[in-house]
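J.: Provided below for reference: sequence and predicted model.
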Amino acid sequence: MSDSVLAMAFTYLLAATVCVPVAKKLGLGAVLGYLVAGILIGPGVIGIVGHEHAGVGHFAEFGVVMMLFVVGLELRPALLWQLRRPIFGLGGAQVVTTALAVAIVATVLGVHWKPAIAVGLIFASSSTAIVLATLAERNLLKTAGGQASFSVLLFQDIAVIPIFAAFPLLAMAPAAAATGDGRPAWLSGLMLLGAVTGVVLSGRFIIRPLFQFLATVKVRESFTAAALLIVVGIALLMQEVGLSPALGTFLAGVVLADSEYRHELETDIEPFKGLLLGLFFISIGAEIDFGLIASKPLVIAGMVIGAMAGKLTILYTLGRVFRLDRAARWLLAFALAEIGEFAFVLIKLGVTERVYSTELAAPLMASVALSMALTPFLFIVLERWVLPAISEPEPVREQDKIEHADSPVVIAGYGRFGQMVGRILRANRIPVTILDLDPEMVAVVGRLGVKVYYGDASRTDLLHAAGCDRAKLFVIAVDDKDEATKIAENVRHHYPHLKVLARARDRQHYWELRKLGCIGVFRETFGSAYEAGVESLIQLGYRKYTANRLARRWRQHEERTLEELGKHWGTESYFTQTKQRMEEAERLMRVEDPTVYEERDAAWDNESLRADREVASAARVDPS
C-alpha cells in the first residue's frame, strides 16, 4: 500500500473505526479493540502496514506522554492524602512484591539479575485503561474491591516515573563517562535536576499566569494551543536533558492539579490523548510477532500463565494482609492480574537503554498483549463462578407481624415518594399503615418515630394482615416498575373495593397501571418538573398568575392527551400522534391574548395581595 501520510492515516483510522466499536460492544474494552486493529493490519495478518510502521510508533508514543499529563492532573494532594494507606501501602507492597517475585523466578531460569529486575518491574504493572473501564461498566468501582484496585492502579501510575528513571541504571552495557552529546555525566545530572526544578517553578509562576491571561482573551483555540504547547515543550525539554518526556509532563500535571484551569486542560488534552494513545496501541498490536508465538508457544504461554497466576496469588494475599473482605480480595486479584499498557513503553525503553536484547523483548511484548486480551474473560470467571461460590447467603428476615391494622390508608413503599404522601396524611391526623421491603429504610424511619412494617406488599397474606379488606385507599409508592405492577394486579384482584393510587416510572408504566384500574397514576418526576417549568416562566418575567395559568392549561392538555396516546403505544402511529399533540399544545399557548402580559395582575403575589387587603380594610372604616 502507498506509504503516503494520507494513506497511512486512512488505514489506521479505518482499522480503529471498525474494531474499537465492535470490541466495546462485546464488552472487551477500547484498548483491546485498538490492539486487535493493529494485529489485523500488521504484518502478521493482512500486512497492510509494514516497515514504515516504525515511524508511526515513535509518533504514537506521544499519546503516553499526554496520558501521564492527565494522570498528573488527577493527582491532587488532597486525594493522595485521603487514599494514602491503600495507595502507598497496598499499592507499594504490590509493586515491590510482584517485581521481586518475578525477578527471582527469572534469575532462577538463567536471566541476568539486571534484566530480571527490569522484567519484574514491567510485570508489576496492570492495565489502568482496561480495569477502570471494566469496573465502571459493571458498577464495581465504588465497592471495597473497586476502591482497592483504583488505589493500586494509582500507585502503579506514580511508580512508572521512578521506574523510567531506574531503567538506565539496569543497562547491561558499561556506563560511559560522558553522554551521547559529549557532556560530562555530572553536567547531565545537573541539567536534569535543573529541568525538573524548572518544570515545577514554571507551573507555579509562568503557566498559571499564562492561562489567566488567555482566559481574559476568551479565544478557545488559544487555550487549546497553549495546553498542547506546554505538553510538547516540556516533553522536548526532558528529551534534551536525557530524561523521559513522560516524567516532565507528569510533574507538570501534578503542579497544575490544584489549578482552577485543571478541568479546562483535561478537556482540551483529552481528544488528542485518546487519539494518540489509540494510535500507540494500534502500533503495539501491529508489532506482535505471531511467528514467534507459533515457534515458541510453550514459552510464551508459560510467561503469560505464570505471570498472571503469580500476580493473582500475590494480590489475594495482600488483600488478606490489608484486611479486605473476601469479595474485595478476589475482585482485586482478578482485576489486576494482567500486565498493563505501560509495560509496552517499558519494554521499548529497556531495548533502547540496552537493558536486554530484542530477543527477550519480543516474547515479553507478546505476553503483555495476550494477558490484556485475557482480562475480560477473567472478569467473566469472577462474576459467574468465583463470587457466587464465596458469597454468603444473606439472612432472610421474617416479615413483621402486623397487629391492629385498621387504618383507612395503606402505603406500599416508603422511599422519597411514599414519605411525601405519608407525611401529608399523618400531618392531617389520618392513620396510615406502611409497608416496605428495604430493612435499612425500615430501621432509619423507625428511628424517626414512624412505624413501618417490613414485608412484601405483593403477598396476599401481608395485604390481608395490613387491613386491606377494611381500608379505603391503597397507595403504591415502590420504585420498581415490575414490583409496582405486580402489587397493583394483586390489590385490584383481591380487594376490588379499594381505591388505588400508584407511582409510575414513565408513560408506558402509566398506561399499564391505568389499565389495571388505578384511579390515579402519578409520574414520579412530573410534579417537580411541572413546578420547575412554572418557575422558569416567572424568572423570565411572566407574572405569577400568568405563569401558573399557562402551565395549568398545558397540564390539562397533557393529561387529556396522555390517556388518548395510550392506545397508540407500540404502533408506528405513536410518534406521529405525539408530535401532533405537542404542536397542538404550542398552538394553545400562542392563542393567549398578548395584552394580558401588560395588564396589572398581582394574583398569587402575597405582598400585593396583603397591600390590597390593607387598602380594603381602611375603606371599610366608619368615617363617623
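T.: Okay, I see it.

J.: Give me the phi and psi for the residue positioned nearest the centre of the chain.
T.: In the chain, the centroid-proximal residue (CA atoms, centre = their mean) is residue 136; its distance is 5.0 Å. Main-chain torsions, residue 136, degrees, to the nearest 10: phi -70, psi -40.

J.: Against residue 263, how distant is it?
T.: 19 Å (CB to CB, to the nearest Å). C-beta: built from backbone N, CA, C; applies to glycine.

J.: what does residue 382 give?
T.: 34 Å.

J.: Those two: which is more packed in?
T.: residue 382 (20 against 10; other CB atoms under 10 Å).

J.: Was I right to think residue 327 contacts residue 388?
T.: No. Residue 327 lies out of contact with residue 388 (CB atoms under 8 Å); the separation is 10.5 Å.

J.: Have a look at these two and say which one is more surrounded.
T.: residue 327 (18 against 9).

J.: Can you pull the phi/psi pair for the more buried one?
T.: Dihedral angles (degrees, to the nearest 10) for residue 327: phi -60, psi -40.

J.: per-residue confidence at it?
T.: As predicted, residue 327 sits at a pLDDT of 93.

J.: And it, how far from residue 133?
T.: Here the criterion is CB to CB. By it, residue 327 lies 20 Å from residue 133.

J.: Wait, a strand at residue 496?
T.: No. Under DSSP: H, G, I helix; E, B strand; the rest coil, residue 496 sits outside any strand and is assigned coil.

J.: tally of neighbours for it?
T.: 9.

J.: who's in contact with the nearest residue to residue 227 once chain neighbours are set aside?
T.: What sits nearest to residue 227 in space, not counting adjacent residues and going by CB to CB, 6 or more residues apart in numbering, is residue 268, at 4.4 Å. Contacts of residue 268 were listed using CB atoms under 8 Å, 6 or more residues apart in numbering, and they are 223, 224, 227, 228.

J.: Could you pick out the buried ones from the residues you listed?
T.: Among these, those buried by neighbour count (16 or more other CB atoms under 10 Å) are 223, 224, 227.

J.: Check the gap between the last one and residue 265 for me.
T.: When CB to CB is applied, the distance between residue 227 and residue 265 equals 5 Å.

J.: ditto for the first one
T.: When distance is defined by CB to CB, residue 223 is 9 Å away from residue 265.

J.: now do the second one
T.: According to CB to CB, residue 224 and residue 265 sit 10 Å apart.

J.: what residues are shared contacts of those two?
T.: Joint contacts of residue 224 and residue 265 (CB under 8 Å, 6+ apart) do not exist.

J.: For the helix or strand where residue 375 lies, enumerate the helices and strands it packs against.
T.: Taking DSSP states H and E as the definition, one finds residue 375 inside helix 358-381. The elements that helix 358-381 packs onto, with contact taken as 3 or more CB pairs under 8 Å, 6 or more residues apart in numbering; DSSP states H and E, are helix 30-41, helix 113-123, helix 128-137, helix 262-287, helix 290-295, helix 297-321, helix 326-335, helix 342-352.

J.: After that helix, heading C-terminal, what element do we hit next?
T.: Downstream of helix 358-381 (by DSSP H and E), the next one is helix 387-390.

J.: returning to what we had before: out of the buried ones among the contacts of residue 268, name the ones that lie in helices.
T.: Under the assignment DSSP state H, the buried ones among the contacts of residue 268 contribute 223, 224, 227 to helices.

J.: And the pLDDT for the last one?
T.: The reference is to residue 227. pLDDT at residue 227 comes out at 85.

J.: which ones are touching the closest residue to residue 133 other than its chain neighbours?
T.: Residue nearest to residue 133 in three dimensions, not counting chain neighbours: residue 29, with 5.2 Å by CB to CB, 6+ apart. When contacts are counted by CB under 8 Å, 6+ apart, residue 29 touches 23, 129, 130, 133, 134, 375, 376.

J.: what sits against residue 256?
T.: Taking CB under 8 Å, 6+ apart as the contact definition, residue 256 lies against 72, 73, 203, 207, 208, 262, 265.

J.: what's the distance between it and residue 262?
T.: Counting by CB to CB, the gap from residue 256 to residue 262 is 6 Å.

J.: overlap in contacts of those two?
T.: residue 73.

J.: Can you show me the helices along the stretch 1-150 of the chain?
T.: 5-25, 30-41, 53-60, 62-74, 77-82, 84, 92-108, 113-123, 128-137, 144-166 (DSSP state H, counting those that start in this stretch).

J.: Out of those helices, flag the one nearest residue 346.
T.: The closest of the helices of the stretch 1-150 of the chain to residue 346 is helix 113-123. By CB to CB, the value is 4.8 Å.

J.: Determine the set of other helices and strands touching the stretch of helix or strand residue 411 belongs to.
T.: Using DSSP H and E, the element containing residue 411 is strand 409-412. Judged by 3+ CB pairs under 8 Å, 6+ apart, strand 409-412 is in contact with helix 416-427, strand 432-436, strand 473-476.
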